[in-house]
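Q: Here is my input, please return the structure:
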Amino acid sequence: MSTTPAQTPDPGGTDGGTVRPGRLIQNEATTEIPVHLLFRDDPDPAPVPLRPAVVGRRQGTGEQPRLRRPAPARTRPVPEVDPELAERPARVLPGAVGVLAGTAGAAGALATSWWAGTLPPLAVAALGLPAAAPAGLGPAQWAAYAGAGALGLFGFGGLARGRTGRAWVLDLFGRYRGTVRRTGLLWVNPLLLRRRVDVRLRHWRSEPMPASDGSGVALRVVVLVVWRVRDTARAVLGVEDHEGYLRECVEAALARVPVETPGGGGSVPATAETLTRLVAADTAPVGLEVFSVQPVRIEYAPEVAAAMHRRKIAALDARHRASVLSSVVDSVEDTVTRLTMRGLVELDDYERKALVKDLTVAFCAGRGETGG
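A: Residues are numbered from 1 along each chain as shown. Prediction:
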């Protein structure tokens, strides 16, 4: 900070015309402010042009602090899936259409055989067809065979049976063509690749997975996941294996959430709720709907199981000793109080201390012999 003199009139001077230097406060971060203006009693002071205020704050300058906007909270990125990859119904026909087409193809092949003369006489007589001069196998006959065969293959080859709780994801040369959730006999284009998907409510019980509690102790947790496929297109085409993806999401959630043992002071329902929320958020972009992720068995990892077992035994032994000591102290106090209140003995301080010591040793020895 530096000060520069300025020539200002002295309002309180005797001669009225004496000019004395005024002091200014100036540095590289603040504007120049005449000191005498800060204490001036003039009710209508003259305006002083000021430069724009400084928004930065420096230690000891008296400036106003900078107002900063709070940084937005960081959120975990959500996996992106092709926005066009969403379940939509596929175009299918009733199964009767396929049966009729297949029957028409078979009838066409039979008629072509009769026309070409390749049908055995017994079959002609059995079918009641009139005898005709065989035309032979020419281009027209072969074309009729091809058309009838194609019609029969498309008719019978496209028949499918839809079941409740099952769906088909249809794919034509790598492009999604729709999902079939209908039941009964249907006709689906035979050129389409069908992938069966189970859309029922499912339960998955995992094998022991690695986890840790709030103190960082290694655990092995078995979880029960209740889930189902909500969007078949994303579940089948969005990931290579949606069941394996669900398993990996559960493992990732267990690695992020501390799992408390039932006797560790934590809340198992709260842990289950947190796991459910994390796994549901991770699997939603691939068309899976998770209802519950519940730890059903929590145990210590083999490398720490022995140490934790010894710790539990030591804690139980300490609680047992504390309870025994409390019981002995209460018994000694009750005995001494009764003896004194009933006037059976008169004890001074030394004798009272000796009696308390003897009773304590006797009661502890008796408890040790009885194992109580």
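Q: quick one: the helices in the stretch 101-250 of the chain?
A: All helices of the stretch 101-250 of the chain, identified by DSSP state H, counting those that start in this stretch, fall at 121-127, 139-157, 232-233, 242-256.
Q: Can you tell me which of these is packed in deepest?
A: Of these, the one with the most neighbours on average (mean count of other CB atoms under 10 Å) is helix 232-233, at a mean of 24. The way it works is simple: take the backbone N, C-alpha and C, and place the C-beta from them, glycine included.
Q: about what we covered before: with distance to residue 94 and mean pLDDT as new columns, can the helices of the stretch 101-250 of the chain be given to me in a markdown table?
A: Listed next are those as a markdown table, based on distance: least, CB to CB, whole Å; pLDDT from 0 to 100:
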| stretch | distance to residue 94 | mean pLDDT |
| --- | --- | --- |
| helix 121-127 | 29 | 72 |
| helix 139-157 | 12 | 90 |
| helix 232-233 | 22 | 94 |
| helix 242-256 | 30 | 95 |
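Q: Format those helices as a markdown table; extra columns: distance to residue 190.
A: Output for the helices of the stretch 101-250 of the chain, formatted as a markdown table (distance: least, CB to CB, whole Å):
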| stretch | distance to residue 190 |
| --- | --- |
| helix 121-127 | 29 |
| helix 139-157 | 4 |
| helix 232-233 | 20 |
| helix 242-256 | 26 |
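Q: now what about stretch 126-143, what contacts it?
A: With contact meaning CB atoms under 8 Å, 6 or more residues apart in numbering, stretch 126-143 is reached by 110, 112, 114-119, 124.
Q: In the stretch 51-200 of the chain, where is pLDDT below threshold?
A: 51-83, 131-135 (pLDDT under 70).
Q: and this structure, what are its domains?
A: 1-62, 93-198, 202-300, 305-370 (automatic domain parsing).
Q: Comparing those, which comes out most buried?
A: It is domain 202-300: most buried of these by mean count of other CB under 10 Å, with a mean of 17.
Q: thinking again about what came up before, rebuild the domains of the chain as a markdown table, extending it with distance to residue 84.
A: Formatted as a markdown table, those follow (distance: least, CB to CB, whole Å):
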| stretch | distance to residue 84 |
| --- | --- |
| domain 1-62 | 48 |
| domain 93-198 | 8 |
| domain 202-300 | 9 |
| domain 305-370 | 51 |
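Q: Please identify which of the ones you listed is closest to residue 86.
A: domain 202-300 (6.0 Å; CB to CB).
Q: what about that closest one, distance to the chain center?
A: Offset of domain 202-300 from its chain centre (CA atoms, centre = their mean, to the nearest Å): 8 Å.
Q: can you check stretch 139-156 too?
A: 55 Å.
Q: swap in stretch 101-119?
A: Relative to its parent chain, stretch 101-119 has a centroid offset of 61 Å by CA atoms, centre = their mean.
Q: Tell me which of the helices of the stretch 101-250 of the chain sits nearest to residue 168.
A: Evaluated over those, closeness to residue 168 peaks at helix 232-233, with 8.4 Å, by CB to CB.
Q: where does residue 284 fall, phi/psi-wise?
A: Main-chain torsions, residue 284, degrees, to the nearest 10: phi -60, psi -40.
Q: typed the wrong thing, it's residue 164
A: Per degrees, to the nearest 10, the backbone of residue 164 is at phi -70, psi 130.
Q: Quick check: it touching residue 183?
A: Yes: counting by CB atoms under 8 Å, residue 183 is a contact partner of residue 164 at 5.5 Å.
Q: Run the chain-centre distance for the longest helix along the chain.
A: Longest helix in the chain by number of residues (criterion: DSSP state H): helix 302-341. Centroid displacement of helix 302-341 relative to its chain, using CA atoms, centre = their mean, is 44 Å.
Q: Begin at 45 from now on, thanks
A: Okay, residue one is now 45; in that scheme the one you just asked about reads as helix 346-385.
Q: Which elements pack onto it?
A: Other helices and strands packing on helix 346-385, by 3 or more CB pairs under 8 Å, 6 or more residues apart in numbering; DSSP states H and E, are strand 262-273, helix 393-414.
Q: In JSON lines: the ones you listed, plus distance to residue 214 and mean pLDDT.
A: Converted to JSON lines, those look like this (distance: least, CB to CB, whole Å; pLDDT from 0 to 100):
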{"stretch": "strand 262-273", "distance to residue 214": "16", "mean pLDDT": "94"}
{"stretch": "helix 393-414", "distance to residue 214": "79", "mean pLDDT": "76"}
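Q: can you redo these as CSV with distance to residue 231?
A: Putting the helices and strands packed on helix 346-385 into CSV (distance: least, CB to CB, whole Å) gives the following:
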stretch, distance to residue 231
strand 262-273, 24
helix 393-414, 85
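Q: Looking at those, which is nearest to residue 379?
A: helix 393-414 (5.8 Å).
Q: Summarise which helices and strands that closest one is packed against.
A: Using 3+ CB pairs under 8 Å, 6+ apart, helix 393-414 is in contact with helix 346-385.
Q: Now do the helix it packs on and helix 393-414, the angle between them.
A: Helix 346-385 runs at 130 degrees relative to helix 393-414, counting by axes from the mean of the first three to the mean of the last three CA atoms, to 10 degrees.
Q: Out of the contacts of stretch 170-187, which comes closest to residue 251?
A: residue 154 (58.5 Å).
Q: most centrally placed residue in this structure?
A: Nearest to the geometric centre of the chain sits residue 322, at 1.6 Å (CA atoms, centre = their mean).
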